[in-house]
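Engineer: structure for this input, please:
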Amino acid sequence: MSVRVDELADYVTVRGTSVSTSLIAPSLLHVSVVQTFGMPNQHGMINCDGHVLHLRYDLRNANLVHVWAQPDAVGAHEPQSTCALL
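Structural biologist: Numbers count the residues shown, from 1 in each chain. Model prediction:
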């Protein structure tokens, strides 16, 4: 049985661009998204709209970048609902 890698990834929308949440199957985007998301730090990470984007430049084509997203560490520990325990 074969499974396509693209089927394993979920996507989030960051500033109008769909970005994969999977390290195994990152989104392959044009390098111009760096202007939209901002410049990465020395580790290739960008904090943008409540997500940490991991950016890696493509080694074969200078016009492409590999990007995957994960929730921001600050927002990951917040409860999803507004109910309170008494």
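Engineer: remind me which residues of the chain are low pLDDT?
Structural biologist: Applying pLDDT under 70 to the chain flags the ranges 1-8, 74-86.
Engineer: pick out the residue closest to the middle of it.
Structural biologist: Centrality entry for the chain: nearest residue to the mean C-alpha point is residue 69, 1.9 Å, by Cα atoms, centre = their mean.
Engineer: surely that residue is in contact with residue 22?
Structural biologist: No. In terms of Cβ atoms under 8 Å, residue 69 does not count as a neighbour of residue 22; the distance is 9.3 Å. C-beta here means a position set from N, CA and C on the backbone, and glycine is covered the same way.
Engineer: give me the common contacts of the two.
Structural biologist: Contact criterion Cβ atoms under 8 Å, 6 or more residues apart in numbering; residues shared by residue 69 and residue 22: none found.
Engineer: sorry, back to before: please name the residues that touch the residue nearest to the centre of the chain.
Structural biologist: Residues near residue 69 by Cβ under 8 Å, 6+ apart: 12, 14, 19, 20, 21, 51, 52, 53, 54.
Engineer: which parts of this structure are helices?
Structural biologist: Secondary structure of the chain by DSSP state H: the helices cover 33-37, 73-76.
Engineer: show me what the first one is packed up against.
Structural biologist: Packing contacts for helix 33-37, counted by 3 or more Cβ pairs under 8 Å, 6 or more residues apart in numbering; DSSP states H and E, involve strand 51-57, strand 64-71.
Engineer: could you dump those to CSV with distance to residue 44?
Structural biologist: Compiled in CSV, the helices and strands packed on helix 33-37 are given as follows (distance: least, Cβ to Cβ, whole Å):
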stretch, distance to residue 44
strand 51-57, 5
strand 64-71, 9
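Engineer: for those, which one sits closest to residue 39?
Structural biologist: Closest approach to residue 39 among the helices and strands packed on helix 33-37 is made by strand 51-57 (9.2 Å; Cβ to Cβ).
Engineer: that concludes my questions; thank you for your assistance.
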